[in-house]
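Participant: Show me how the following folds:
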Amino acid sequence: MQEQAKQGHTIAAIVEEQRRFFRTGATLPVAGRREYLRRLSEVIRRMEPEIAAALQEDLGKSRAESYMTEIGLSLSELRYFWRNLPGLAARRRKPTPVAHMPARSYELPVPYGVVLIMSPWNYPFLLSIEPLIDALAAGNTAVVKVSADAPAAARVVEKLLSSVFPREYVAVIAGGREENQALLSQKFDYIFFTGGKAAGRFVMEQAAKTLTPVSLELGGKSPCIVDETADLKRAAVRIAFGKFINAGQTCVAPDYVLAQESICEPLIQLLSAAVKSQYGSDPLHNPHYPTIVNERHLYRLQALLDSEKLVFGGRVEGLRMEPALMRGITLSDAAMQEEIFGPVLPVISYRTAEEAEAIIAAHPNPLALYLFSRNGEMKRRFLEKVPFGGGCLNDTLVHLASPHLRFGGIGESGMGSYHGRQGFETFSHIKSIVETPVGIGLPLRYPPYTRRKERLVRLFLR
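Facilitator: Numbering: from 1, shown residues only. Alright, predicted model coming up:
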């Protein structure tokens, strides 16, 4: 209890320290923000081997996968802001109604203040650093809560950030539930959370007590629809990539495949071939195939397997679980009761687009949707009628890798979005300003109101 009180006191001191620092205005000059982002980029490049080693230790990621899915994306976000930050932070001129003349109107982006970023274990470097980049570009200070389930990555994130920023600018907090509760008992100006739904609800409940705005990046059962017009071989390769990268521990991984009945069996065979092509005949001993984060998650994934419906994979050795394909799955199966978040891919056959829509609608709005089709009407139907956060046509995952596209969920898959310009907007309050010259103005708005004034007001405001 004493240790918990001590930690809470330390966190409170850090938040107050950052608030005092923010109030000095030190984070406001755009040139200063860019310089810190430049330093961050420089240190990430210098520490790349150390970062990759930490991701290997926590999740069994290869150096190539670590760069492609975490380090490289962080550097891409930094490049975006180095090039675009002056324009993003500038005043934005807006039209002024005739009734307000000769005033001028503009919007001014300003930082919220002290923000809390809570990152998950599955992409522990990227999902700590990328929202932090957006928050710093917008001019905030930040407390970054790293996940206890990825301890090596937590240590390297803390080492990296403490070498670039003073604690009053960016601070890193490690730990588990107690630290989360201590942080959420503080008053922040914005909270950005990435993780599961249950924890997301708790974050929102705590934020409501202080009316703190939040972004929640959650997840859900993201469907992948393949119709009879699709290029099945390419579809299989891209689905296997999107599903089994990071051993399926990706919030936007295809959670299940909806395959049109006429092509279901050929697609399953091609998916099996694609897994062998990417990970070999023995993925459990492939050094490029990641591990499951811990035993608890491994046991949960094993419970989702149905041996009678398993057509490929599913073996386990240590913390590695072989990519698994299951056919003949129904909505009542265990694999369809929760987000899988691992290397288990159920394949469900459907006859009509209406049937596929009904299966998707049986679950809360997904974070992502993927459609493989050459049919224009099919594309229009699923893009316009089915609610989801974002997605791809004839591909998987790549929509989240662009700093030019906002990323976020809808409904139970999350609220708010970020990346690039949208990330800057998320961590900024946009002030609306009307600036009126001192000596000039229309007296129509001032009493007494005559008939002539009323006629002119109606003329201007119709």
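
Participant: how many neighbours does residue 403 have?
Facilitator: Residues contacting residue 403 under the criterion other CB atoms under 10 Å number 24. (Glycine included, C-beta is placed from N, CA and C.)

Participant: In the stretch 1-150 of the chain, where is pLDDT below threshold?
Facilitator: 1-9 (pLDDT under 70).

Participant: Let me see the ranges of the strands in it.
Facilitator: With DSSP state E, counting those that start in this stretch, the ranges of strands along the stretch 1-150 of the chain come out as 92-94, 104-111, 114-118, 141-145.

Participant: ok, now the stretch 251-400 of the chain?
Facilitator: 256-260, 310-312, 316-317, 320-321, 324-327, 344-350, 368-372, 390-393.

Participant: who's in contact with stretch 146-157?
Facilitator: Residues outside stretch 146-157 that contact it (CB atoms under 8 Å, 6 or more residues apart in numbering): 47, 50-51, 53-55, 57-59, 119-121, 124-125, 128-129, 144, 158, 172-176, 293-294.

Participant: which of these count as buried?
Facilitator: Among these, the ones that count as buried by 16 or more other CB atoms under 10 Å are 47, 51, 53-55, 57-59, 119-121, 124-125, 128-129, 144, 158, 172-173, 175, 293.

Participant: Among those, which lie within helices?
Facilitator: 51, 53, 54, 55, 57, 58, 59, 128, 129, 158 (DSSP state H).

Participant: mind giving me JSON lines with these and columns for distance to residue 186?
Facilitator: Shown next, in JSON lines, are those (distance: CB to CB, whole Å):
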{"residue": "51", "distance to residue 186": "29"}
{"residue": "53", "distance to residue 186": "33"}
{"residue": "54", "distance to residue 186": "28"}
{"residue": "55", "distance to residue 186": "29"}
{"residue": "57", "distance to residue 186": "31"}
{"residue": "58", "distance to residue 186": "27"}
{"residue": "59", "distance to residue 186": "30"}
{"residue": "128", "distance to residue 186": "19"}
{"residue": "129", "distance to residue 186": "22"}
{"residue": "158", "distance to residue 186": "19"}
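
Participant: tell me which of those residues is nearest to residue 366?
Facilitator: residue 59 (23.5 Å; CB to CB).

Participant: related to what we said a few turns ago, okay, the strands of the stretch 251-400 of the chain in JSON lines with mean neighbour count and distance to residue 87 next?
Facilitator: Listed next are the strands of the stretch 251-400 of the chain as JSON lines, based on neighbours: other CB atoms under 10 Å; distance: least, CB to CB, whole Å:
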{"stretch": "strand 256-260", "mean neighbour count": "25", "distance to residue 87": "42"}
{"stretch": "strand 310-312", "mean neighbour count": "16", "distance to residue 87": "50"}
{"stretch": "strand 316-317", "mean neighbour count": "14", "distance to residue 87": "51"}
{"stretch": "strand 320-321", "mean neighbour count": "23", "distance to residue 87": "46"}
{"stretch": "strand 324-327", "mean neighbour count": "24", "distance to residue 87": "47"}
{"stretch": "strand 344-350", "mean neighbour count": "23", "distance to residue 87": "43"}
{"stretch": "strand 368-372", "mean neighbour count": "27", "distance to residue 87": "30"}
{"stretch": "strand 390-393", "mean neighbour count": "20", "distance to residue 87": "24"}
